[in-house]
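A.B. asks: The sequence and its predicted three-dimensional model are supplied below.
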Amino acid sequence: MNHAASSSSSRVPSGLSDRTSDVILIAICTIIVLLVAYPLYYVLIASVSNPYDVYAGKTFLVPSEFTWTGYQAVFAESSIVTGYLNSIKYTIIGTIFSVAILFLTAYPLSQTASKDLPGRKFFNIFFIITMYFGGGLIPTYLVVRQTGLMNNMWALFIPGGVAVGNMIIVRNFFDNSIPREIVEAAEIDGASKWKTFTNIVLPLSRPIMAVMVVFSMVAYWNDWFTAMIYLPGVEKAPLPLVLRGILIRSSATASQASTISGGFAELNKITELIKFASIIVAAAPMLIFYPFVQKYFERGFMAGAIKG
């Protein structure tokens, strides 16, 4: 009797089966992918559809009245090529500068580099304080102007050269993922701190470096407000600022047409197409770049995780 009761109780499921768990996880992942991917897909099909059909909800899955007018209007501007080249230049230089400063700042403040560095705790606290108390736009603008960086691309990089939040992430990576024993062994073998950093620490830090590179590239690629403040010249404008100018001019033209010739409807349609096309034009390079660093990006996020 007891044997029968024990055998029957052993057949009672204690939780979800593996198959059921897999189905639930796949369903959740599918929903998340759709929530993330559909807005971009919607903008993509809206950029080649009749804007009035878009606002009427007729382009839920497929384009309506397919047209390249928006993209033709964007690329008809001679400044679009200059904007692309400027954004590529600012993104590459800014990313190299920011990541280099980030690692050169985070490593000395980590316990991996030295537990006995004088003032290490003070500088860590000092950097954290700057996260909560900033000078603001006007003091920063005055500093940039007085240092002669106006209309100079370095005004985009130097004022925000160290992202304190990212610096803390990199510092924690050094503390949790690079054993202090490796650094001590290199120093015992006669390696200088600089050689240890460049030959041992940096190669082991490629995952977190990929994460910081992606963060910096996305930030510099999408930054238009800083350039609008410090780079007044049109020839130095990055792509987002160029696209903003195209959209403003097209909106102004449509408004003038509504009061002068009554051609507001057609020009307003073009303005809406330009709006959607500008989003795709601005986002496409980062979407193309990300798959090449996805492996390192995910590894960098997982590197600092708590291991059981």
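C.D. replies: The structure has been received and is ready for your questions.

A.B. asks: Buried residues of stretch 144-163, list them for me.
C.D. replies: Neighbour counts over stretch 144-163 (16 or more other Cβ atoms under 10 Å) mark V144, L149, M153, W154, A155, L156, F157, P159, V162, A163 as buried. Yep, even glycine has a C-beta here, placed from its N, CA and C like the rest.

A.B. asks: Make a markdown table out of these and add distance to N176, pLDDT and secondary structure.
C.D. replies: Converted to a markdown table, these look like this (distance: Cβ to Cβ, whole Å; pLDDT from 0 to 100; DSSP: H, G, I helix; E, B strand; the rest coil):
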| residue | distance to N176 | pLDDT | secondary structure |
| --- | --- | --- | --- |
| V144 | 37 | 88 | helix |
| L149 | 37 | 86 | coil |
| M153 | 36 | 89 | helix |
| W154 | 34 | 90 | helix |
| A155 | 35 | 89 | helix |
| L156 | 32 | 89 | helix |
| F157 | 29 | 90 | coil |
| P159 | 30 | 85 | coil |
| V162 | 21 | 81 | coil |
| A163 | 19 | 83 | coil |
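
A.B. asks: Just give me the closest of these to C29.
C.D. replies: A163 (30.3 Å; Cβ to Cβ).

A.B. asks: Next, find the distance separating that closest one from Y230.
C.D. replies: Here the criterion is Cβ to Cβ, to the nearest Å. By it, A163 lies 18 Å from Y230.

A.B. asks: who's in contact with stretch 229-241?
C.D. replies: The contact list for stretch 229-241, computed with Cβ atoms under 8 Å, 6 or more residues apart in numbering, reads 79-80, 82-84, 86-87, 90, 137, 141, 144, 149-153, 155-156, 221-224, 227-228, 245, 281-282.

A.B. asks: Quick one: neighbours of the nearest residue to W224 once chain neighbours are set aside, just the number.
C.D. replies: The shortest distance from W224 to any non-neighbouring residue, by Cβ to Cβ, 6 or more residues apart in numbering, is to P240 (3.6 Å). Residues near P240, counting by other Cβ atoms under 10 Å, number 20.
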